[in-house]
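[1] Dropping the sequence and predicted coords here.
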Amino acid sequence: KDPNVLAQSDFLWDSDGWTLQGNALGITHGARMIKAADNDDSVWYFVAPDKFVGAKRAAYRGTLSFRFGFFEYNSEGQDFMDKEYDIVLESEAYGITVGLKYVVPAWSFRSDHEIELDEATGWSLKDGGGPPSRPDMIRLLSKLSAIKIRGGYYKGHEDSYIMSVKLMAGPQDSVPTPTKTSLKEQRIHSAEGVKPDEGVPPPPEDDVPPPPETEDDHPGLHGEF
């Protein structure tokens, strides 16, 4: 098993827990795929199951890959609807939602996609908030609550499917992990940072007695009173 695969659905036996959001006619399982249909201009999504969400911080700078296609579609003479998000990621815990547009090409029956999961690859915050920051993406993925892949693109009837969905980890150094310092190490570092008091002689070396005191060491004991 590839340790870089955080979650995957090959739909070999069933729909693998995927659901729908929006006005689709119902999800069905096919040969290594899931599919759904609609009869109007609804924008609807395939929604990933629990294994794709939760603590997925390791997915930062990783990828979400899948195949998307249509068995049939009817545009009813209207343009391809590309104004909505094709991919949506949500974190309810942090109140962050990001989306990606222009993923699925117009008038194509099948396309393969590998979506990069970082702040510099076209994602935007919901409701026109501009691109997410690096901390936004890391927080989002650390408590991910939803992954949605769009299924509805045309005004008339369409029958859409997805296949081979995979969430991959990014490079291990993408999200630095804070290092823990033991109490002993903290004390050592603290001691190293303390300068000895000025005017205080250093402690004598081992087996070497301190020099004897002289009259000059006690100026208050001689001279005029």
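    It's in.

[2] Give me the number of neighbouring residues for W123.
    Using other Cβ atoms under 10 Å, W123 has 23 other residues around it. Where C-beta positions appear, they are placed from N, C-alpha and C, glycine not excepted.

[3] Let me see the contact set for the nearest residue to it once chain neighbours are set aside.
    Once flanking residues are discounted, W123 sits nearest to V98: 4.5 Å by Cβ to Cβ, 6 or more residues apart in numbering. By Cβ atoms under 8 Å, 6 or more residues apart in numbering, V98 lies in contact with V88, L89, W123, S124, L125, K126, P132, D136, M137, L140.

[4] Assumed V98 was part of a strand.
    Yes. Under DSSP: H, G, I helix; E, B strand; the rest coil, V98 sits within a strand.

[5] bridging residues for it?
    Beta-bridge pairing for V98 (DSSP bridges): L89, L125.

[6] what's the spacing between it and D159?
    Using Cβ to Cβ, to the nearest Å, V98 is found at 28 Å from D159.

[7] and what of G30?
    G30 is 10 Å from D159, by Cβ to Cβ.

[8] Lowest-scoring secondary structure element of this protein by mean pLDDT?
    Every helix and strand of the chain was ranked by mean pLDDT, DSSP states H and E. The lowest is helix 183-192, at a mean of 46.

[9] circling back to that earlier point, give me the more crowded residue out of G30 and D159.
    For G30 versus D159, neighbours defined as other Cβ under 10 Å are more numerous around D159 (17 against 12).

[10] I'd assumed F70 was in contact with that one.
    Yes. Judged on Cβ atoms under 8 Å, D159 makes contact with F70 at a distance of 6.4 Å.

[11] Tell me the backbone dihedrals of the residue nearest the centre of the chain, please.
    Geometric centre of the chain, nearest residue: L141, 3.0 Å, by Cα atoms, centre = their mean. Reported as degrees, to the nearest 10, the phi and psi values for L141 are phi -70, psi -30.

[12] how about it, what does it touch?
    Applying Cβ under 8 Å, 6+ apart, the residues contacting L141 are K56, R57, A58, A59, Y60, L89, S91, L117.

[13] so what's D16 closest to, chain neighbours aside?
    Distances taken as Cβ to Cβ, 6+ apart place S9 nearest to D16, at 4.3 Å, with adjacent residues excluded.

[14] cool, and I96?
    With Cβ to Cβ, 6+ apart, the residue lying closest to I96 is L140, at 4.6 Å.

[15] what angle sits between the helix or strand hosting the one you found and strand 96-100?
    Using DSSP states H and E, L140 sits within helix 134-142. Here helix 134-142 runs at an angle of 100 degrees relative to strand 96-100 (axes from the mean of the first three to the mean of the last three Cα atoms, to 10 degrees).

[16] buried ones in helix 134-142?
    Of all the residues in helix 134-142, those buried under the rule 16 or more other Cβ atoms under 10 Å are D136, M137, I138, R139, L140, L141, S142.

[17] For the fifth one, give me its contacts.
    It refers to L140. By Cβ under 8 Å, 6+ apart, L140 lies in contact with L89, E90, S91, Y94, I96, V98, P132.

[18] and if we set it to 10 Å?
    56-57, 59-60, 89-91, 93-98, 117, 119, 123, 125, 132 (Cβ atoms under 10 Å, 6 or more residues apart in numbering).

[19] can you check the last one too?
    For S142, the contacting residues are G54, A55, K56, R57, A58, A59, Y60, S91, A93, Y94, V175, taking Cβ under 10 Å, 6+ apart as the criterion.
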